[in-house]
Each structure stands twice: as structure tokens, then as C-alpha cells.
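In: turn this into a structure:
(one chain, ligands or ions: 2)
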Amino acid sequence: MYIRKVSSYAPASIGNFAIGFDIMGLSITPYDNEKLGDVVEVLEYDESMKVSNCLVVSGNYAKSLPELPNKNIVYHCLQAFNEILKKKNIEQKNIQLHLIKNLPIGSGLGSSASSVVASLSALNYLYNKLLNPDELLILMGKMEEKISGTFHLDNVAPSFLGGLQLILSNGLSKRLEIFDSWLYVIAYSGEKINTIDARSVLPQNLPLRAHIEHTKNLSSFLVGLQTKNENLVLDNIKDVIVEPNRRVLMPNLVYAREELKKIGCLNTNISGAGPTIFNIVKDIKTANTVKTWLEQNYINKKNGFVKICKLNSGGAVYTDSNF
Ligand SMILES: Nc1ncnc2c1ncn2[C@@H]1O[C@H](COP(=O)(O)OP(=O)(O)OP(=O)(O)O)[C@@H](O)[C@H]1O
Ligand SMILES: N[C@@H](CCO)C(=O)O
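Out: Ligands and ions are numbered 1, 2, ... in the order given. As a prediction, the model looks like this:
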């Protein structure tokens, strides 16, 4: 039996939020308050009890994880944290990690980020908040880099800190206030797209025209938030840089966007690297209509799902058996 259990839940997130490739992301939670995110429990044992397996996994998507524990990003998070302890001459506790894998892998819902945030935030809590939130966020980004090949914080920042997060040039993250009444109908098609593959279809250079158009859209989006102009914000949640290249991976996106607009959906875009799409509506009645259309026309009924979500303001949540 363990002597202490620290558990952390890290919510799903919409990476990029369409207008901010690699620099913006939104934390979401289902409208019915169901949980949508991974949980990592750190179990501390008495020194007399030998922990034979430092990582165990369970949950609906545990079977899709790499078979070898050392291929799991949670294992790398533990190793990275142990390295920090070593450098700071802090003795390692006798612990085991339990990952409850609730998010589908390669879904675009920030699945790997959720595992990273849950494990590192739980470990940090167990070690009396050894790292401050900025240091912890950077470490989370480095762990994401191990998976996708690039350092990006657009999933880990919202999952950890909650809300709509904008990554700044100093590497830190800033919360932006977005309309909290908006609903996000997310549709996970059931296919798997690894971020690293979705990045390999992107061009290394941008035409100047695309850069200008994108900058205009991003500026308009930010001004819309600042002046609380909902239409200006909605009109500028769009991606003229990445989406055109990723459409090849998501051939039904444009058709879905056109059809959903006819039934009241205000905005349809790719979540993270896809294949999940997010659809913005302002009321629960339209959300249900959009959900039904997506269930009937967009998702693979065996593995896919559609959920009505809202903004998650809080980010990762801890519980500690000591309290
Ligand atoms: N704990 C983990 N959770 C999720 N993926 C993991 C984990 N450990 C290792 N992986 C590997 O990471 C890859 C999936 O991560 P990836 O970033 O591509 O998808 P995602 O996090 O679902 O998507 P997105 O970042 O677009 O929202 C897979 O190759 C998977 O095997
Ligand atoms: N910004 C990332 C999110 C997925 O991890 C991308 O679109 O590649």
C-alpha cells in the first residue's frame, strides 16, 4: 500500500486554435462536466517496499500506447525530473507512476501534452513545487519536442494553465480573455494523425503574400478580443498557412465546414494537427444540431466521437491523499 498519492488531471486542448500555429491553444472541458484528459497518479511507497515497475498504464486508450514503457512520454518525464533532482542534490522518492490514458493518441486533442502535463505537474507537486510554473512549462515543451520533433507549447500551456494561452517571444505564456459563453463542438474522426507526420507536409518557406494575410488575420483576432467584438474574432479564427497543406490529410474538412455553416455553425477548423475539428457555436440548441450532423456525416462510428465542450479556465487539477 502506498503512503501518499498525488494525482493530476490535465485537460484536452485545441492546439493552434487555427489562427496561432504553434503559439496559441485553448483548454477545453465537456459541457456536461465529464472528464476529457489524462490522469497521472504518483504513488509514493515506503523505502522497504521495492517498486518493480516505475510506470503502469490503464484507461480506454492504454492499449494504443507504445508497448514498451520506455517509449511512453510519461517515462521520459520521470527521467527528466529525476535528472533535475540529481542536479539539485535532492534524494529521489520511492515512487511509481500510473497513467490513466483517457485521450485518443494522435487525435489533435493534445493527447501527448495531456500526459506530459499530468505527469510533470504531479511530480512537481510531490517534490514541494521544486520548479516554478515558468520552469515547469519549459520542461513540458521539451517533452513535447521529444514526440513531435519541435519545441512548441500550444497544447501544454493551455492544458497546464487553462484558458486561451498565447505563447510570447520570451517563451512564456499569456492568458487571453475569450468569450466564455462560446461552445466548441469537437469531432474526433477516429483516424490517427501523428503530429510529426502532419508537420512533414508543411512548407519550410512562406510566400510574402501569405505572411501578410496571416499577420492581418492574427492582428484582427487580437483586436477583436481586446475590444470584445465577437464577429471580428470569429471572422479571424482561420488558418491561411497550415490548413491548405494539411487538407490532404483531412479531405472532408472543407465539405464539413460548408455544410455546418448552413445549420448555424459559426466557425470550423482543425484542432492541433488533426484529425479532430472544432466547431464554434453560441447556444446549446445549435451545438446539439451540429453534434448530430457530425455524428451522422463526419466521424467513423466505431472509434470516433463528438463532444460539446466549453472553455476550461482552470487547467491541470491536483489531488493529494495527504490532505
Ligand atoms: N503518454 C502518451 N500519450 C500519447 N502519445 C504518446 C504517449 N507516449 C508516447 N506517445 C507517442 O506520441 C505520439 C502521439 O503524439 P502526437 O503529438 O503525435 O499526438 P497528439 O498529442 O494526440 O496530437 P496533437 O498534439 O495534435 O493534439 C504517438 O507516436 C505515441 O505513440
Ligand atoms: N502546433 C502543433 C499542434 C500539434 O501538436 C501542430 O499543429 O503541429
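In: contacting residues for residue 74?
Out: Contacts for residue 74 (CB atoms under 8 Å, 6 or more residues apart in numbering) come out as 40, 55, 97, 99, 115, 116, 119. Any C-beta I mention is one placed from the backbone N, CA and C, and that applies to glycine too.
In: phi, psi of the residue of the stretch 1-150 of the chain found nearest ligand 2?
Out: Going by CB to the nearest ligand atom, ligand 2 is nearest to residue 15 of the stretch 1-150 of the chain, at 3.4 Å. The phi and psi values for residue 15, taken as degrees, to the nearest 10, are phi -70, psi 150.
In: beta partners for it?
Out: Residue 15 forms beta bridges with residue 25, as assigned by DSSP bridges.
In: my read: it touches residue 112, true?
Out: No: checked against CB atoms under 8 Å, the pair residue 15 and residue 112 is beyond contact range at 10.5 Å.
In: neighbour count for the two, which is higher?
Out: When neighbours are counted by other CB atoms under 10 Å, residue 15 and residue 112 differ, and residue 15 comes out ahead with 32 against 25.
In: in the lowest-mean-pLDDT helix or strand in the chain, what counts as buried?
Out: Lowest on mean pLDDT, DSSP states H and E among the helices and strands of the chain sits helix 195-200, with a mean of 93. Of all the residues in helix 195-200, those buried under the rule 16 or more other CB atoms under 10 Å are 195, 198, 199.
In: for residue 185, which non-adjacent residue is closest in space?
Out: With CB to CB, 6 or more residues apart in numbering as the criterion, residue 185 has its nearest non-adjacent residue at 4.3 Å, and that residue is residue 279.
In: ignore the last one, residue 117
Out: Using CB to CB, 6+ apart, the closest residue to residue 117 is residue 10 (3.7 Å).
In: roughly how far apart are residue 103 and residue 184?
Out: Applying CB to CB, to the nearest Å, the value for residue 103 to residue 184 is 15 Å.
In: swap that for residue 225, sorry
Out: From residue 225 to residue 184 the distance is 16 Å (CB to CB).
In: more neighbours, those two?
Out: residue 184 (23 against 19).
In: where does the more buried one fall, phi/psi-wise?
Out: phi -120, psi 110.
In: buried set for the host helix or strand of residue 56?
Out: Using DSSP states H and E, residue 56 falls within strand 55-58. Neighbour counts using 16+ other CB under 10 Å place 55, 57 of strand 55-58 among the buried residues.
In: now it: average pLDDT?
Out: Averaged across strand 55-58, the pLDDT comes to 96.
In: got the CA positions of that strand in CSV?
Out: Extracted in CSV, the C-alpha atoms of strand 55-58 (Å, rounded to 0.1, in the frame of the first residue of the first chain):
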residue,chain,number,x,y,z
LEU,A,55,5.1,3.0,-14.9
VAL,A,56,1.8,1.3,-15.2
VAL,A,57,-1.0,2.3,-17.6
SER,A,58,-4.7,1.8,-17.7
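In: before we move on, the earlier item: my read is the residue nearest to residue 117 is in a helix, agree?
Out: No: counting by DSSP: H, G, I helix; E, B strand; the rest coil, residue 10 is located in no helix; its state is strand.
In: domain parsing for the chain?
Out: The record assigns the chain these domain ranges, following automatic domain parsing: 4-177+312-320, 183-311.
In: out of these, deepest packed?
Out: Across the domains of the chain, averaging neighbours per residue (mean count of other CB atoms under 10 Å) puts domain 4-177+312-320 on top, at a mean of 20.
In: which residue ranges form the helices in the chain?
Out: Ranges of helices in the chain, per DSSP state H, are 73-87, 111-126, 133-148, 156-161, 195-200, 208-226, 230-235, 243-246, 253-262, 284-297.
In: of those, which is nearest residue 45?
Out: helix 111-126 (12.3 Å; CB to CB).
In: and that closest one, does that touch ligand 1?
Out: Yes: Helix 111-126 comes into contact with ligand 1 (CB under 6 Å from any ligand atom), by way of 111, 112, 113, 115.
In: fine, thanks again, bye for now.
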